[in-house]
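Asker: Sequence and computational prediction follow.
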Amino acid sequence: MNRSPTRWRRHATMTLRRERLCALHWLARSRARKKKSLLPCLRLEILRAAEERVTEAAPESRALVMELVKEAPTMRVRYLVLEPLAHLARAGDSAAAARMSEAIAHDPSWPVRARAAELAAGLSSVQAALTVAARDAEPRVREAALAALAAAPSRAAVSAAMTALEHDGWSFVRTRAVELLANAPAGADVDDALGAALGDGSVPVRTAAVTALGRRRAMSWRKAVRERLADGDDAAAVRAAAASALGAMCDMESVEQLTAVARILGTPGADPAMQETALAALSGLAALKPSDLRQRLSPLLAPSSPPFVRTVAEKALAERSRCQ
């Protein structure tokens, strides 16, 4: 019987997954019968190949993992065993979660700590270890820990992120701190920390900070965000983020400023950086949806405007306001 390529791929994937689980069961039975077992590296590869299906043979998988990590395993083993450990921890295995916490907090190799933190995102049982790791001596560990905590940060995680944003010497760590603070509960202290980051020397940090202020509708910082948009010496990414943020903040006082920037879209020869900012300003206007929006966009809607300019202007008119 003929099968389509898609069906063949699906069939092959299911077969491979089934065979991987069978191999895992066989390995566990061989171990239980005290038969001569495979080399540790092969046992590890079988565990890894099983992927999330290790949870379907959780007791056997746990026993194999614990066997692999006993007696001073190499860095390679400690690193590669983290993925099956994470699958088991997500399935509710407390021993696996404890091993993940141990790897995050105490493994002697920073790549192992960073990988463990990365895989621990969303695991409530390791949040304390991640919060400690946000102050790790290695920047890549701090980055991974802050990223893992960002979805639903605790007060302790927020405190760690605020410290990192103010004091960390690595811009990629500060960027992760901003992304975490964007999801923090409403509070003037967090908004002020993000506002202070508008003066950060790193473009990605400033961009993330202005985006976070818009997302949080931090109205006390709307004037500073307008200033970022008006600063012709700042990077296009920051100015574009500021234009979008003013729309997200529902800052009606910025309508004139956004209109002037959005109209650059219809200017012949405008450089790409200004085009990026103008598109973001148009998006901000669409969010605000002033009653005279069509009139404000009339230069962009004119028959003489390039087709793509007319298209994005019509789309802006058709969008529903986020501020009503």
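Answerer: Right, received. Where do you want to start?

Asker: show me the residues around Q257 that make contact.
Answerer: Contact partners of Q257, counting by Cβ atoms under 8 Å, 6 or more residues apart in numbering, are 226, 229-230, 246. (Glycine included, C-beta is placed from N, CA and C.)

Asker: Mind checking which of those land in strands?
Answerer: The strands, defined by DSSP state E, take in nothing from the contacts of Q257.

Asker: Scan the residues you listed and report the most crowded one.
Answerer: L246 (31 neighbours; other Cβ atoms under 10 Å).

Asker: In TSV, list the contacts of Q257 along with pLDDT and distance to E166.
Answerer: Converted to TSV, these look like this (pLDDT from 0 to 100; distance: Cβ to Cβ, whole Å):
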residue	pLDDT	distance to E166
R226	97	24
L229	96	25
A230	95	26
L246	97	25
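
Asker: now for the residues you listed, which pair is the farthest apart?
Answerer: For these, the farthest-apart pair by Cβ to Cβ is A230 and L246; their separation is 11.0 Å.

Asker: Got the phi and psi for E143?
Answerer: Phi and psi for E143, reported as degrees, to the nearest 10, are phi -60, psi -50.

Asker: Quickly note the distance from it to S298.
Answerer: E143 sits 47 Å away from S298, going by Cβ to Cβ, to the nearest Å.

Asker: When those two are compared, which one has more neighbours?
Answerer: The neighbour comparison of E143 against S298 (other Cβ under 10 Å) goes to E143, with 25 against 14.

Asker: Isn't the more buried one up against V173?
Answerer: Yes: in this structure, E143 is within contact of V173 by Cβ atoms under 8 Å, at 5.1 Å.

Asker: any weak-confidence spans in the stretch 151-300 of the chain?
Answerer: The model of the stretch 151-300 of the chain has no residue with pLDDT under 70.

Asker: Could you rerun that using 80?
Answerer: Scanning the stretch 151-300 of the chain with the threshold set as pLDDT under 80 gives 266, 268-270.

Asker: all helices in it, in order from the N-terminus.
Answerer: Under the criterion DSSP state H, counting those that start in this stretch, helices of the stretch 151-300 of the chain are mapped to 155-167, 171-181, 188-196, 203-215, 222-230, 236-248, 255-262, 272-288, 293-296, 298-301.

Asker: Ok, which of those helices comes nearest P108?
Answerer: Closest among the helices of the stretch 151-300 of the chain, using Cβ to Cβ: helix 171-181, at 21.1 Å.

Asker: Which elements pack onto the closest one?
Answerer: If you count contacts as 3 or more Cβ pairs under 8 Å, 6 or more residues apart in numbering; DSSP states H and E, helix 171-181 packs onto helix 139-149, helix 155-167, helix 188-196, helix 203-215.

Asker: In contact with the closest residue to M219 other than its chain neighbours, which residues are there?
Answerer: Closest residue to M219 apart from its sequence neighbours, by Cβ to Cβ, 6 or more residues apart in numbering: M249 at 6.1 Å. By Cβ under 8 Å, 6+ apart, M249 lies in contact with 213-214, 217-219, 222, 225.

Asker: swap in M252?
Answerer: 288, 290, 323.

Asker: R99 and R78 touch, don't they?
Answerer: No: using Cβ under 8 Å as the test, R99 is too far from R78 to be in contact (10.0 Å).

Asker: any common contacting residues for the two?
Answerer: V69.

Asker: tell me, how many neighbours does D231 end up with?
Answerer: D231: 12 surrounding residues under other Cβ under 10 Å.
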